[in-house]
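J.: Could you look at this predicted model? Sequence included:
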Amino acid sequence: MLKQIRDYLDANGACETAVLALRLDADESAMRGMLEFLEQRGEVRRIEIDCGGGCAGCTSCGTPADSRAKGGVVFWSRGRRGVTG
């Protein structure tokens, strides 16, 4: 499954935890744990977007409004820690 996560992020770019779980047919909490493991190894990086505590109708991140309303969105991307862009 870890290889599938890396391959998916390589092919599709940054993605939210829930979307990865859906695309790879995995439980969201299990996906979060695998992503955190890969983050600790430096294979993926976390990208946090602060939505200001609620959704004002922006759809650019592709995250459902109920998720954005929780205050922010976490995306995951391939790359080593400290690498930006």
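T.: Yep, it's here.
J.: Now do the helices in this structure.
T.: Assignment of helices within the chain using DSSP state H yields the ranges 2-12, 17-23, 28-40, 65-68.
J.: Just name whatever secondary elements the longest one is in contact with.
T.: For helix 28-40, the helices and strands in contact under the criterion 3 or more Cβ pairs under 8 Å, 6 or more residues apart in numbering; DSSP states H and E are helix 2-12, helix 17-23, strand 44-50. C-betas here are computed from N, CA, C, even on glycine.
J.: Can you flag the weakest of the ones you listed by average pLDDT?
T.: Lowest mean pLDDT within these: strand 44-50, a mean of 85.
J.: For the protein, give me the ranges with low pLDDT.
T.: 50-72, 80-85 (pLDDT under 70).
J.: mind redoing it with 90?
T.: Counting by pLDDT under 90, the chain shows low-confidence ranges at 18, 47-76, 78-85.
J.: Isn't Glu39 up against Arg46?
T.: Yes - counting by Cβ atoms under 8 Å, Glu39 touches Arg46, with 5.9 Å between them.
J.: which residues are common contacts for these two?
T.: Taking Cβ atoms under 8 Å, 6 or more residues apart in numbering as the criterion, Glu39 and Arg46 both touch Trp76.
J.: what number of residues lie near Ala21?
T.: Applying other Cβ atoms under 10 Å, we find 20 residues neighbouring Ala21.
J.: Ok, Asp7 next?
T.: 12.
J.: That one and Leu20, how far apart?
T.: Note on Asp7: its distance to Leu20, by Cβ to Cβ, to the nearest Å, is 11 Å.
J.: correct me, but Leu35 touches Leu20?
T.: Yes - at 7.3 Å, Leu35 and Leu20 qualify as touching, with contact defined as Cβ under 8 Å.
J.: Could you name every residue contacting both of these two?
T.: By Cβ under 8 Å, 6+ apart, the residues touching both Leu35 and Leu20 are 5, 76.
J.: on that earlier part again, Trp76: which of the helices of the chain is closest?
T.: Of all those, helix 28-40 sits nearest to Trp76, with 5.2 Å by Cβ to Cβ.
J.: Sort out which residues of the closest one are buried, please.
T.: 31-32, 34-35, 38 (16 or more other Cβ atoms under 10 Å).
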